[in-house]
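Participant: just a sequence and a predicted model for now, questions to come.
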Amino acid sequence: MNRNHKKAWLYLLPALLFLIFFMVYPLIDVFIYSAEEGFNFASQSYFGVGLYNFSYVLHDPYFLQAVQNTIILVIITVPVSTGLALLISLGLSSIKPLRDLYQTIYFLPYVTNTLAVGLVFMILFQPTEYTDGLVNMVIEFFGGSAVDFIDGPYWAKMFVLCFYTVWIVLPFKILVLTSALASVNPDYYKAARVDGTPKWRVFTKITLPMISPMIFYLVITGFIGAFKAYSDAVALFGTDLNAAGMNTIVGYVYDMLYGDSGGYPSYASAAAIILFAIVLTVTCINLLVSSRKISR
Amino acid sequence: ACHGQREQTAFEVPQEFDMSRNYELTFWAKNDTNVRQTEIYKQAIADFEALYPNISIELRLYTDYGDIYNDVITNISTNTTPNVCITYPDHIATYMTGDNVVVPLDDLMDDEKYGLGGNELLFQAPTKSQIVPQFLDECTIAGHYYALPFMRSTEACYINKDYVEALGYTLPETLTWDFIWEVSEAATAKNADGTYVLNGQDVMIPFIYKSTDNMMIQMLIQQNAGYSTETGDIQIFNDTTKDILYTIAQHAGTRAFSTFKISSYPANFLNAGQCVFAIDSTAGATWMGSDAPLVDIAEEAVVDFDIEVMAIPQYDPDHPKMISQGPSLCIFNKDDPQEVLASWLFTQYLLTNDVQMDYATTEGYVPVTLAAQESEAYQDYLSRSGEDNDMYYDVKIAASELLLNHTQDTFITPVFNGSTSLRNAAGQLIEEVTKSMRRDETVDEAYMDNLYSEVAALYHLDENTAPSGQEADLGPLPPMAKGLLITLGVVWILIILYLIAGKISAIRNQPHE
Amino acid sequence: MEEHEVYEKIQHKTNHRNKIQKAVTYIFLTLWALIVLFPFYWMILTSVKSYGAYNAEHTPAFFTLSPTIQNYIDAFTTVPLVGYLLNTAIFAVATTVIMVIVSTLAAYAFARLNFRGKNLVFTLFLSLMMIPSELVVITNFVTVTNLDLRNTFVGLVLPSVTSVFYIYLLKENFEQVPDELYRAAKVDGTSDLKYLWKVMIPICRPTIITITILKIIECWNSYVWPRLITDDPAYYLVSNGIQEIRENGFGRENIPAMMAAVVVISVPLIVLFLIFRKKIMAGVSQGGTKG
Amino acid sequence: MKIMLKNLTKKFPGRSRKHPEDVIAVNDFTCEIPDGELVGLLGPSGCGKSTTLNMICGLEDASSGSIFFGDENVTALAPELRGVGMVFQNYALYPHLNVFKNIQFPLENLKGKERLSKGDMKSRVLEAARLVQIEDLLDRKPRELSGGQQQRVAIARALVKMPRVLLLDEPLSNLDARLRLQTREEIRKIQKKTGITTVFVTHDQEEAMSICDRIAVMNHGVLMQEGRPQDVYDNPANLFVARFLGTPPINVFHGTVRDETLFLNQAPVLKVKGVSDQDVIVGIRPEGFLLKSDGPLRCHLERIEVMGRDVSIVSTHSACTGTSLRSIISSESRVDTAAAEVCFSLKPGKVFLFSAKTEERISFEIPGQPLSKGE
Amino acid sequence: MKIMLKNLTKKFPGRSRKHPEDVIAVNDFTCEIPDGELVGLLGPSGCGKSTTLNMICGLEDASSGSIFFGDENVTALAPELRGVGMVFQNYALYPHLNVFKNIQFPLENLKGKERLSKGDMKSRVLEAARLVQIEDLLDRKPRELSGGQQQRVAIARALVKMPRVLLLDEPLSNLDARLRLQTREEIRKIQKKTGITTVFVTHDQEEAMSICDRIAVMNHGVLMQEGRPQDVYDNPANLFVARFLGTPPINVFHGTVRDETLFLNQAPVLKVKGVSDQDVIVGIRPEGFLLKSDGPLRCHLERIEVMGRDVSIVSTHSACTGTSLRSIISSESRVDTAAAEVCFSLKPGKVFLFSAKTEERISFEIPGQPLSKGE
Ligand SMILES: Nc1ncnc2c1ncn2[C@@H]1O[C@H](COP(=O)(O)OP(=O)(O)OP(=O)(O)O)[C@@H](O)[C@H]1O
Ligand SMILES: Nc1ncnc2c1ncn2[C@@H]1O[C@H](COP(=O)(O)OP(=O)(O)OP(=O)(O)O)[C@@H](O)[C@H]1O
Ligand SMILES: [Mg+2]
Ligand SMILES: [Mg+2]
């Protein structure tokens, strides 16, 4: 037995070393930074040890803006993307011809460069000196009035960000859900059919509960992923996210570190720890809800 | 607690440069709008290395001064700063918040052997007096020289003269803001079919200012209004600023004015006949005009027109004022004084006539040494204006001459830790106002107050970020932050309660099973 | 017999409804497929528009009559894109290989071996998934610099190796291999490592292929870390390349050239994906089924 | 409800380019299932049992032929309208619903005037649960039930909507031997109690024979024989059926008939009156042998297996098609294990002749039938 | 190779805080397995069969007690050094390797001087494959094989390294009834051919009885009885063993012995010489009944089932502990189905008495043993 223990740790060793060096140690560092008040790179000095960094960050309207943006983004994109992925997967599993083709197409965004596609999205939504942008042309074609999506009102920018986020995260979700749907034993559907169950009821009473572990899995990872959103926003609104009012928490952290007004790892760390607290909380809630749902 | 000060001893000029040792230096530079500039750097390095075979220089090119700034900042923490770096003085002020990070150049410049024009140099370097004093003065921070100027430019107004005349105006000797606004307004007249009278096209932006931070700074300085003090007190949020913004708002509202961030490169519009006044750096002159060597737009979109290069508009035409800008060179401190000295040698080499000449001719730059400016080669270059549309492109040379003629009229803004932010804020004010007008928002006092506070917050102008910074009194927590904290707390209490409840019921149920 | 007719009617109605449902499904799927494809189309379209034409376009054109490959030429000539591609390939392959080995060993320990503290360690592992990578970059930067590994492939690769998610995915997958096989192998005199190599890995090949490809994609697109850790163009990756092309073409934002670069660097990934499509899909779903 | 299957045929289109031929899963199946009876559909794997069942319940459309429930032609009717109850091989219980909700599920689907109130539903569910004796499991989730209990839940779910017809597709194949025995008796009991016409698919002949009123034996999609189990066992219509029924399986020999006498390897073993001279295949049930020291069938003794109450003698005979010949005699008889040979005489009623060509049964007269039936 | 298990005990630590008690999976198990015999380890689910087997092969450490292979104490030896072959319930074939490679797998692990050349390996694999008759399947992947074929591959893999001992853990439970019959005979044949000492775990008594030289019946980790199958069947040591062996199961009654006579519900049914007066549990095998119109055991007739060669009479009796009483008589006997009652006399050798308290067997003299053994 003892021999076995040692062996197990030996197998774990490489992963542990990597994680400790490049994940855990930096994390500890983050906590140290967060306590060193007002530390900045240029001067390599701080003026005390305490909670000032947190206080500073919590007072910073841009951090609060970022929190707000992130939370809105999470609240919108997680359900929407999961729901849409579910719809699409259902659609996919209900057809035969062309299914492979659609599936391949839907997966494409997964293999492309976020930065580049973000740029395309920006071009599609951005008004130019000559036009209101491609999307607006479509809107106007259908009789709507143009909106400045990239530089316009908050909701429009948020819409673009959400839309793009959904577009980006959908492939993985579709993939997972289609295979979850495929793994449901067809006998359940047959049984339901013999019992004359309406389609909607089949969906809510059989399909949904059967794939609920996968849905929870997607929701949990979706929450974690959405809270970490950053590069999508950069791709759309450029690096000066604060000015665009579209910053996310990770964006704020990043700006504090490397942005034009950057070089403040202390503030960045404090913000990151607050983010971590939020994600941890949401994940715990998720886990509680899902373990309860699934065990009942 | 591992992020303490990395103490570095102050630099002292060594007695002798040790030629027996090898030095590897890194040089971070920005290649501007022209690929030829890269080659000039490389050439300069090659030449220098030929003179000093024991020094090798690694060049890293950036496309943006901001990137250089960010990378320097992060590299300060690992003690891996470059040896020589092209940067703005504004940025140097921030680098200097750490002790002895940037080498003060006073002693080096005056050193007999290796100082400017020193007698042990293997090349012909300019003496201190041969550097244009205005430009050299820009490199002082807190009474010391921390950089050498490398290139200088200013802003110029590139004008479609045909259009101005078509509108019935003649260009004055010195441009004034009033003139520009007036002509620009006149240019916004439209035909019945929605095209512009002036050019018959769908698009016409009479006045585009590329760099709005310069615009705001110059407008303030020309009126002797407050921008900032030498020590870094911020004065920009004043009434003159407001007046300026109202004016801009008015003309943005009529679409007579726009900025680069909102539209795009002024050159594109100017060349396409969609712009009358384009204000851009003299360093961008090669893009301007129908015969410009560099164009961004399709050939068929370019219109033929007479271009005029003039100084930026003024409030007081008799006392013109314009900004001086351009990259400077700074040297980072190292443990080894010999290495610093080597860096210094290379820095000086970049001021030799050949390098200055070559670089200046790539764009509408001006050499920073009188030696280079007065050199025959440079004079010859200037005199051959218009000979071709490449090396001797007339607009480019006119732009250079503009600065040469107005060297006395240039100014710079005070440099301190945070001056970059202030500069950005100045531009942001104009951008915001212009954007708002295009969205048909009302720009009034309330708007202005709001704008001031938002911009101040965005660039952290409302606080003290001095290096020896103290905890600022931040006041009470904003309601949103409070909400966030309270929500987190409550949720955790609920989670714990829920878990406890689950445990209790599990314990209770156990005997039954 | 009358009842019979009613049945027929109901039957008819049901058939009709089914047809409409099919049609709606197809329309919906096609619509989304277009939304997905359009940016790709736009990317390719832009990449064949000439720089000038693109800048002077008054309204965005949905097609171009005069495609040019100039942008592709630019993409390859203004920056050493081939070199970047090569670097990226080296980086991606090295990172992925190490990652797969490390993750496989760890996942095997979690899935098959019993040791004290297993659950605790695994929970800690999982909680690391919640950490945004931006957070640890700065300390890693300091670490790597202090190790004097900047501008080396080692420095590029090492911090990119860790991947909790893949360990998790693999572990879930390994656990689905019946315990009996392990016992059978034991009785047959197989060592743990040999069992892992000869049985576990071949059986879980779809998942391993999947994480391999996902990691390659991740490496291929990674930007922040490579940018920070390399200042020598000899070590630049394609994403640095895009950024450079974006700004560097003529010193201006040259979008068509950038799009051409994006197309060029996306092609290997898309090809890779198309080849392994079935395996990736199987692998991801297999790993995920236990949630 | 009587069920009539008329010339029912099901073709599946060729599945791939490699196998382009149509699969004829069910071929011209005609059969009548009397009201209230339990019919076992029996046959080797892949013979089309499930397909037939699926056509009856409507999950598959018939390629041709028709299905009648009573007088009503239901061939084109959707499954939900047929009013059948079905129990699947793996029960297909909804894993996330407890037993009560599983049983209630079909009732919740009822619409229009058939709709039930909550109370009615509950009482119907309880009734069904009582029928299969799972009243005390109603709160459990399927995974907390044993195989047999799950099976009963599945039956309750099928019964609760009072189907006209109950279909069971290999409902016992997932159970272990012991549970199988037990649950098949329960199915029998429930079916008798409710009197619902029931079709029961299995490939296990013992199972079918022990509980079914009638059995239908299929092979390659074709109905081979249909009738009461004992009748089919005693009078198999062809070699396939004879082989398929009975454990241990029937012993098969090559034989010839000459002068109304059956010869195995030139040795006369039985009088077969009324059979013309020809080559035949001879099937002899294991219990068709009588130990008799002067018996006509001399076999080489291999070994003797004692299995509790029976003794099974394993021997070889050169005319036998299998590797060995197995006969079962009561454990009271004495066998000399040391001897190299055993000799048997045959019980004529346990010997069947089949045409060597068509494998169809050739009947012959038996002088005095000693077999008596229990019922 | 003889195997000796001496006081073998296995405790599993309590699995959770909810179940802190140790699980004693195997309790003081002592048994000797003679060289070259096939021994069946038999018992209900969870009784510790697999655990015992795992200890023999070394996959589990014994908590106490010792294991000898021949004279060698292997208790502490690692599994790979014990030289056992094992066939798992689901065969545990490596799904990614073809049959050949699967069989070859154990050979590749040999090290040192045991190491084989490529050619030797191949011939060994072919030999093993021939033994189990799968020579023509060597290229296939396991999933392309039927259950029975997979099983044979598993056996070949276990045999190829010429183990000293072969262990089989419920190797048949995944097969359908027909395949089971067939493969169990094959296991028997192979075991006889190779002469390897073999332990065969099953919970199916019929299986164990039909192929094993000896059986060992376990319950709750304790060895209940061990011996030749027929001996155990005929002389069960206690009620558990009697109940466990035999299909249909033994009928159990509450009875009393007075004056050396067995009474069921006050009715005397059998002379039991040498038994003192006491309450007893009576077990009567289904074949222990003789139809006799004046028989002492009067039962209420429920129904008669004809199952091919046997007739089974299902009746009830108030002293019977089960819901019904099942007796099997040859299908030649006549039963009056209309009658409400059947009367039986008992065959004394098929009647067992057990102490009501300890459930241990109480033997009694039987005047003239009519039973004769086959071997
Ligand atoms: N959807 C289908 N497409 C093509 N062929 C099919 C399809 N379903 C069944 N078959 C074929 O039809 C034949 C009969 O299948 P069926 O499922 O009815 O057999 P079964 O008697 O139920 O067998 P089992 O006892 O194995 O369940 C088989 O040869 C099968 O391969
Ligand atoms: N690893 C373990 N930890 C704790 N208890 C165990 C463990 N393995 C087995 N047991 C317990 O030991 C007892 C015997 O288990 P074992 O697997 O030997 O039964 P078995 O006779 O093989 O049953 P089956 O016929 O169901 O396979 C059971 O009660 C089981 O729950
Ligand atoms: Mg079937
Ligand atoms: Mg077991």
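Facilitator: Yep, that arrived. Ligands and ions are numbered 1, 2, ... in the order given.
Participant: and stretch D:151-171, what's buried?
Facilitator: D:151-161, D:163-171 (16 or more other CB atoms under 10 Å in any protein chain shown). C-beta here means a position set from N, CA and C on the backbone, and glycine is covered the same way.
Participant: just stretch C:98-112 next, same as before
Facilitator: Buried-residue list, stretch C:98-112, by 16+ other CB under 10 Å: C:98-100, C:102-112.
Participant: export those residues to CSV and tack on pLDDT, distance to residue A:136 and secondary structure?
Facilitator: Shown next, in CSV, are the buried residues of stretch C:98-112 (pLDDT from 0 to 100; distance: CB to CB, whole Å; DSSP: H, G, I helix; E, B strand; the rest coil):
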residue, pLDDT, distance to residue A:136, secondary structure
C:98, 93, 48, helix
C:99, 92, 44, helix
C:100, 92, 46, helix
C:102, 92, 49, helix
C:103, 91, 46, helix
C:104, 92, 50, helix
C:105, 92, 53, helix
C:106, 91, 50, helix
C:107, 90, 49, helix
C:108, 90, 54, helix
C:109, 89, 55, helix
C:110, 88, 52, helix
C:111, 86, 53, helix
C:112, 78, 57, helix
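Participant: among those, which one lies nearest to ligand 1?
Facilitator: Taking CB to the nearest ligand atom as the measure, ligand 1 sits nearest to residue C:111 out of these, at 34.1 Å.
Participant: now do the same contact list for the closest one.
Facilitator: With contact set as CB atoms under 8 Å, 6 or more residues apart in numbering or on different chains, residue C:111 has these partners: C:170-171, C:174-175, C:177.
Participant: now intersect the buried residues of stretch D:151-171 with the strands, please.
Facilitator: Mapping the buried residues of stretch D:151-171 onto strands (DSSP state E) picks out D:165-169.
Participant: could I get those residues in a markdown table, plus columns for distance to residue D:363 and pLDDT?
Facilitator: Putting these into a markdown table (distance: CB to CB, whole Å; pLDDT from 0 to 100) gives the following:
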| residue | distance to residue D:363 | pLDDT |
| --- | --- | --- |
| D:165 | 35 | 90 |
| D:166 | 36 | 91 |
| D:167 | 34 | 91 |
| D:168 | 34 | 89 |
| D:169 | 35 | 87 |
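Participant: now do the longest helix along chain B, average pLDDT.
Facilitator: For chain B, the helix with the greatest residue count under DSSP state H is helix B:479-509. In this model, helix B:479-509 has a mean pLDDT of 87.
Participant: so is that helix next to chain A?
Facilitator: Yes: contact of helix B:479-509 with chain A (CB under 8 Å from any CB of the partner chain) involves B:480-481, B:484-485, B:488, B:491-492, B:495, B:498-499.
Participant: so is that helix next to chain D?
Facilitator: No: judged by CB under 8 Å from any CB, helix B:479-509 stays clear of chain D, getting no closer than 13.5 Å.
Participant: what comes up buried for that helix?
Facilitator: For helix B:479-509, by 16+ other CB under 10 Å, it's B:481, B:484.
Participant: in the stretch 151-291 of chain C, what residue comes closest to ligand 2?
Facilitator: Counting by CB to the nearest ligand atom, the stretch 151-291 of chain C gets nearest to ligand 2 through residue C:179 (10.5 Å).
Participant: any idea how far that residue is from residue C:187?
Facilitator: Using CB to CB, to the nearest Å, one gets 13 Å for the distance from residue C:179 to residue C:187.
Participant: who has more neighbours, the two?
Facilitator: Using other CB atoms under 10 Å in any protein chain shown, the more surrounded residue of residue C:179 and residue C:187 is residue C:187, with 28 against 11.
Participant: that one is in contact with residue E:60, isn't it?
Facilitator: No: counting by CB atoms under 8 Å, residue C:187 stays clear of residue E:60, with 12.0 Å between them.
Participant: for the chain, which spans come out with low pLDDT?
Facilitator: Using chain A here. Within chain A, the stretches with pLDDT under 70 are A:1-4, A:129-130, A:259-262, A:292-296.
Participant: could you do chain B instead?
Facilitator: B:1-7, B:32-34, B:462-473, B:509-513.
Participant: what's the longest helix of chain B packed up against?
Facilitator: helix A:52-59, helix A:61-93, helix A:265-295 (3 or more CB pairs under 8 Å, 6 or more residues apart in numbering or on different chains; DSSP states H and E).
Participant: is the shortest one anywhere near chain C?
Facilitator: No: for helix A:52-59 and chain C, the contact criterion (CB under 8 Å from any CB) is not met; the two come no nearer than 13.9 Å.
Participant: repeat for the last one
Facilitator: Yes: with CB under 8 Å from any CB as the measure, helix A:265-295 is seen reaching chain C through A:265, A:268-269, A:272, A:275-276, A:279-280, A:283.
Participant: which of these sit farthest apart?
Facilitator: A:265 and A:283 (25.2 Å; CB to CB).
Participant: more neighbours, these two?
Facilitator: Neighbours were counted for residue A:265 and for residue A:283 using other CB under 10 Å; residue A:265 has more, 29 against 19.
Participant: quick one: contacts for the more buried one?
Facilitator: Residue A:265 neighbours (CB under 8 Å, 6+ apart): A:33, A:39-41, A:256-257, B:3, B:77, C:138.
Participant: which of the residues you listed are close to chain D?
Facilitator: Of the contacts of residue A:265, not one also sits near chain D (CB under 8 Å from any CB).
Participant: can you tell me which two in the residues you listed are farthest apart?
Facilitator: Largest pairwise distance in the contacts of residue A:265, by CB to CB, is 15.0 Å, between A:256 and B:3.
Participant: quick one: residues contacting residue B:95.
Facilitator: Applying CB under 8 Å, 6+ apart, the residues contacting residue B:95 are A:42, B:72-73, B:76, B:87, B:101-102, B:330, B:332.
Participant: where along chain D do the helices fall?
Facilitator: Using DSSP H, helices in chain D cover D:49-57, D:79-82, D:99-108, D:118-131, D:147-159, D:177-194, D:205-211, D:229-234, D:239-244.
Participant: with that, I have no additional questions.
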